[in-house]
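Student: only the shape, not the letters, is given here:
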């Protein structure tokens, strides 16, 4: 379980997170929504200690992520909004292998994880290709594969569908469905619920750094426009 308790964080004098408390159980498909500036990305960057809170705590399976960020980063795979921001190698296989290599795994286990992760996003056989030669949709899937190679309990994706054409969008959605069906916890950060709300178990909306709504997708829809989130039925 990812557990957030009274989390507060500021950028300068601006309170970006103002007492956020929530828990995300194992295996849940959760949408974290809100307009730009509501604190969504800042919140999930606390999940694996990319940011340190001003006050409050984040724990992953009972471990405080500030005390042990390695545990958090092993159990939570993070995919950023712009995949290029997280690539660390020139080729697909080298990039996907980076996380497992930093766990100190032996070569055979690293290769197994890379092959499995690329197969999971339908990119097997392209490990030698340069990332900068891939389409945007392929780069998005490489980023997901890099997270999957860590074999995380939770996968957190920040606006994974932005800028994708329909075939790439459909492919990413199919893979999210497969992950959720396999028991991986999925958290999608988005301001656009189209194609996502029917897949989710829960919608959590942030507004001005606070949890303003926490409902099932069906119950949440009518309240979203007042929080600056488009109703996906419109």
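Tutor: Yep, it's here. For clarity, every value in this text was computed on a predicted model and none was experimentally measured. Numbering: from 1, shown residues only.

Student: determine how far the last residue of stretch 36-50 lies from the first.
Tutor: Distance across stretch 36-50, first residue to last, is 20 Å (C-alpha to C-alpha, to the nearest Å).

Student: select the helix or strand of this protein having the lowest average pLDDT value.
Tutor: helix 166-181 (a mean of 84; mean pLDDT, DSSP states H and E).

Student: what lies in contact with it?
Tutor: Residues outside helix 166-181 that contact it (C-beta atoms under 8 Å, 6 or more residues apart in numbering): 27, 29, 120-122, 135-138, 140-141, 144, 148, 155, 157, 160-161, 164, 186, 188, 195-196, 199. Heads up, the C-betas are built off the backbone N, CA and C, glycines and all.

Student: okay but residue 120 is in contact with residue 149, surely?
Tutor: No - Residue 120 is not in contact with residue 149 according to C-beta atoms under 8 Å; the separation is 9.4 Å.

Student: wait, isn't residue 142 in contact with residue 86?
Tutor: No - assessed by C-beta under 8 Å, residue 142 is found out of contact with residue 86, at 9.6 Å.

Student: which one of those two is surrounded by more residues?
Tutor: Counting neighbours by other C-beta atoms under 10 Å for residue 142 and for residue 86 shows that residue 142 has the greater number, 26 against 16.

Student: check which element follows the host helix or strand of that one along the chain.
Tutor: According to DSSP states H and E, residue 142 maps onto helix 136-148. Reading on from helix 136-148 to the C-terminus, the next helix or strand found by DSSP H and E is strand 154-158.

Student: strands paired with that next one, and their directions?
Tutor: strand 76-79 (parallel), strand 185-190 (parallel) (DSSP bridges).

Student: point out the most buried one among those.
Tutor: By mean neighbour count, with neighbours taken as mean count of other C-beta atoms under 10 Å, strand 76-79 ranks first of the strands paired with strand 154-158 at a mean of 24.

Student: how about the helix or strand following that one: buried residues?
Tutor: Per DSSP H and E, the first helix or strand lying C-terminal to strand 76-79 is helix 92-102. Buried residues in helix 92-102, counted by 16 or more other C-beta atoms under 10 Å: 92, 93, 94, 95, 96, 97, 98, 99, 100.
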